[in-house]
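> prediction below, plus the sequence it came from.
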Amino acid sequence: MEDYTTPHPILSDVRVRRAIAHCIDRDALIASVYPYVEDPSALLMDSFLPKTHWAYRGPYDFPWYDPEAGKALLEEAGWVQGDGPVRTNANGEVLSLKFTTTSAAFRQTWSQVMIQNLAQCGIQIIPTYAPASWWFGDTTGLSRRDFELGAFAWVGQADPAGRTLYACDQIPLPSNNWEGQNYMGWCNPVASEAIIRANNTLIREERIAAYDIVQREFAKDVVSIPVFQRAEAQAWSANLSGVRPDPTEYATANLHEWELADGGDTIVIGMTQEPDSMWALVSSMAAQRLVDRPGVGMLYTQYSYDFQPVLQDPLSTIESGLATNEVVEVSAGDKVYDATGTPVELAAGVRVIDSEGKEVEYSGEGTVQMNQLTVTYKLKPTTWSDGTPVSIEDMKLGVKIDCDPDSGATTFDLCNRIGDLENDITYSDSELAMTIKYLPGNQYPLYFLYPFSIYPSQRVLSDGRVLADVPAAEWATLPEVAERPLSVGPYYVKEWNKGQSIVLERNPYYEGEVKTPNVIFVFVADTNQAVAQLLNGDVDFLDPSTLGAGAEVQTVIDAAESTGSVQYYISGSPTWEHIDINLYTK
């Protein structure tokens, strides 16, 4: 018999799985790693989606802490408490389970509390704290389903995705070369069909309905226990107002709304990291984004696991009428987006997703019906910080540079979804708009977001060249791109004093209100120094990437309570800890 197709003698019983969930005091687990969190409910989950997610429609009936209910379920399942500390069944077998996770101190701390919780219900847990290289290895640990109970983290995204995690055909097995991430071996036909449907439609309400089904089945079957969202904290001076904390958007996205109560004209933000570049195409640092959002400008924001238009307006959804998803017939030689997300020429043996959402193999003859997205993207009329209006040429330059292999871009995924950048993108003659015809088979869930950058094509460089004429390979070293880019946002980068600070000044051509005209990002050695400067009044704000979630947060809380000089906000981050339950055994 194939490995991991034999039902686990203990964990295949849903009563035992529900009992395990009932016996874990998740509030206590949170307190063990975040002792300063006053309201642990803000970090608790009853689904694989955070409660603020657009696809969450809970609450769901996930088993909460109730050890008496857990003990009753274990008795019902035949696991009785005798004279010893560990339950046994009629065959004298003990209720003992192996728990595997990484050797990180954070996980060892909360899991020790969990082990004590389960012991109180008569469940023996044997822990293994493995090196991350083994636990997350390509041929070991999770990828080979080598666990009974296994803890690790996922990061929540605006697009819930989930097919590789919860569909029946995504269970890693020797026979499928261990493909998929459904490490639990969960095959619930109702949930599987719904997760596939959720990922085969681009209509928001249809996706919400499908995800709701999956979440209800997830709570019913208890194949994975969402332990908690990791905490993140930010803090700011009591003199500062307008801060909008959010788990999925950088704090400075609404920097133009921040205001100093004493009438000051300069906000100081402390950061423990310095950006490596102001060119977002080649940098993924949080420090870069914190400066970039207000200092270069945004096409859209990403609050609460969703998107809101800014320079792009409106979002180009099918519901808005700016996008269509039509069924087309493709045949041999046509360029398509295959089932693995790779642009290929259709030929015999190529596997694609057809218009009904089924993965099929092309025979080499005839046609296949596939979905094809055509999307129009519109930008508001706006002006660069040098007074030049944004133009169609700026949009064209964005496509050209972002898709140039010599640019140094961190990804070319969106470029690869378009068959021909010259012929499949058309530009308006009357407004800032372009229409893209994507490859058949591309069903990118975030299709409605403007996919490229815009660049000031007319900008004259210090050496006399015009930006549009400079090869992409040189852009990363251009001061006008990497250090002092023009902006369409509320601020622009006035100066960058390497190793010390970045200074932003109000963009004189920004049409919205900017409540505080000057901002300085100062670079500090570490979190301790950052907190000290906040408490001394030298800086006004510390974001989660600087403040972190360690002991320094308690220092801020103590100061807030004793002096009232600072404010703080603690929330659940997109990263959430969970325990997968393997339903099968080797």
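Structure received. Numbers count the residues shown, from 1 in each chain.
> strands of the stretch 1-150 of the chain, start to end?
For the stretch 1-150 of the chain, applying DSSP state E, counting those that start in this stretch gives strands covering 6-7, 96-102, 124-130, 149-155.
> okay, those strands in a markdown table with mean neighbour count and distance to E359 next?
C-beta: built from backbone N, CA, C; applies to glycine. Listed next are the strands of the stretch 1-150 of the chain as a markdown table, based on neighbours: other C-beta atoms under 10 Å; distance: least, C-beta to C-beta, whole Å:
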| stretch | mean neighbour count | distance to E359 |
| --- | --- | --- |
| strand 6-7 | 12 | 27 |
| strand 96-102 | 20 | 32 |
| strand 124-130 | 16 | 34 |
| strand 149-155 | 18 | 24 |
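> adding mean pLDDT, write those strands out as TSV.
Converted to TSV, the strands of the stretch 1-150 of the chain look like this (pLDDT from 0 to 100):
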stretch	mean pLDDT
strand 6-7	97
strand 96-102	99
strand 124-130	99
strand 149-155	98
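> among these, which comes closest to T585?
Among the strands of the stretch 1-150 of the chain, the nearest to T585 by C-beta to C-beta is strand 6-7 (5.3 Å).
> now do the spatially most distant residue from the centre of the chain against G122, distance only.
Computed with C-alpha atoms, centre = their mean, the maximum C-alpha offset from the centroid of the chain is found at D83, amounting to 48.1 Å. Distance of D83 to G122, given as C-beta to C-beta, to the nearest Å: 11 Å.
> next one: V514
62 Å.
> who's more crowded, these two?
G122 (23 against 20; other C-beta atoms under 10 Å).
> give me the nearest residue to the more buried one, chain neighbours excluded.
R87 (3.7 Å; C-beta to C-beta, 6 or more residues apart in numbering).
> how about G366?
Closest to G366 by C-beta to C-beta, 6+ apart is S331, at 6.9 Å.
> on that earlier part again, any shared contact partners between D83 and G122?
By the contact definition C-beta atoms under 8 Å, 6 or more residues apart in numbering, D83 and G122 are jointly contacted by no residue.
> quick one: residues contacting the spatially closest residue to D61 that is not a sequence neighbour.
Spatial nearest neighbour of D61, excluding adjacent residues (C-beta to C-beta, 6+ apart): A219 at 5.2 Å. A219 makes contact with 46-47, 60-62 under the criterion C-beta under 8 Å, 6+ apart.
> same question, V190
V190 neighbours (C-beta under 8 Å, 6+ apart): 213, 217.
> helix, strand or coil for it?
Assigned state for V190: helix (three-state reduction, DSSP: H, G, I helix; E, B strand; the rest coil).
> what are the ranges of the strands in the stretch 451-586 of the chain?
Counting by DSSP E, counting those that start in this stretch, the strands of the stretch 451-586 of the chain are 491-497, 501-506, 518-523, 541-542, 566-581, 584-585.
> tell me what the closest residue to Q108 other than its chain neighbours is bridged to.
The shortest distance from Q108 to any non-neighbouring residue, by C-beta to C-beta, 6+ apart, is to Y129 (5.7 Å). Under the criterion DSSP bridges, Y129 forms beta bridges with T101.
> in the chain, where is pLDDT below threshold?
Of all residues in the chain, none has pLDDT under 70.
> now do 90
Along the chain, segments meeting pLDDT under 90 span 1, 340, 357-358, 410.
> kindly list the longest helix within it.
Using DSSP state H, we find that the single longest helix of the chain is helix 204-221.
> contacts only, for V514.
Taking C-beta under 8 Å, 6+ apart as the definition, contacts of V514 comprise 256, 490-491, 506-507.
> if we can go back for a sec, so how far is N507 from the residue nearest to D61?
48 Å.
> next: Q554.
Applying C-beta to C-beta to Q554 and N507 gives a distance of 38 Å.
> so the longest helix of the chain versus strand 566-581, what angle?
60 degrees (axes from the mean of the first three to the mean of the last three C-alpha atoms, to 10 degrees).
> buried set for helix 204-221?
Neighbour counts over helix 204-221 (16 or more other C-beta atoms under 10 Å) mark 207, 209-221 as buried.
> in CSV, list those residues along with distance to R144.
Shown next, in CSV, are the buried residues of helix 204-221 (distance: C-beta to C-beta, whole Å):
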residue, distance to R144
R207, 32
A209, 35
A210, 30
Y211, 29
D212, 32
I213, 30
V214, 25
Q215, 28
R216, 30
E217, 26
F218, 23
A219, 28
K220, 28
D221, 23
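> quick check: the nearest residue to Q170 once chain neighbours are set aside vs A167, distance?
Nearest residue to Q170, sequence neighbours excluded (C-beta to C-beta, 6+ apart): G180, at 3.3 Å. From G180 across to A167, the span is 8 Å (C-beta to C-beta).
> now swap in Y455 and tell me
From Y455 across to A167, the span is 40 Å (C-beta to C-beta).
> which residues touch I520?
266-269, 501-504.
> give me phi/psi at the spatially most central residue of the chain?
The centre of the chain sits closest to Q157, judged by C-alpha atoms, centre = their mean, with a distance of 3.2 Å. Phi and psi for Q157, reported as degrees, to the nearest 10, are phi -120, psi 160.
> and the gap between it and P574?
From Q157 to P574 the distance is 7 Å (C-beta to C-beta).
> what's the overlap in contacts for those two?
If you check Q157 and P574 against C-beta under 8 Å, 6+ apart, the residues they both contact are Y305.
> what residues go with each domain of this protein?
Listed by automatic domain parsing, the domain ranges of the chain are 6-230+576-585, 239-307+488-564, 312-327+371-437.
> to A347, which of the ones you listed lies closest?
So among the domains of the chain, domain 312-327+371-437 is nearest, using C-beta to C-beta, at 15.6 Å.
> just the terminal-to-terminal distance for the closest one.
Taking C-alpha to C-alpha, to the nearest Å, domain 312-327+371-437 runs 18 Å from one end to the other.
> now do the contacts for the residue farthest from the centre of the chain.
Contacts of D83 by C-beta under 8 Å, 6+ apart: none found.
> touching, L535 and A559? I think so.
Yes - taking contacts as C-beta atoms under 8 Å, L535 lies within contact range of A559: 5.3 Å.
> so the closest residue to L583 other than its chain neighbours: helix, strand or coil?
Spatial nearest neighbour of L583, excluding adjacent residues (C-beta to C-beta, 6+ apart): G185 at 4.5 Å. Classification of G185 by three-state DSSP places it in coil.
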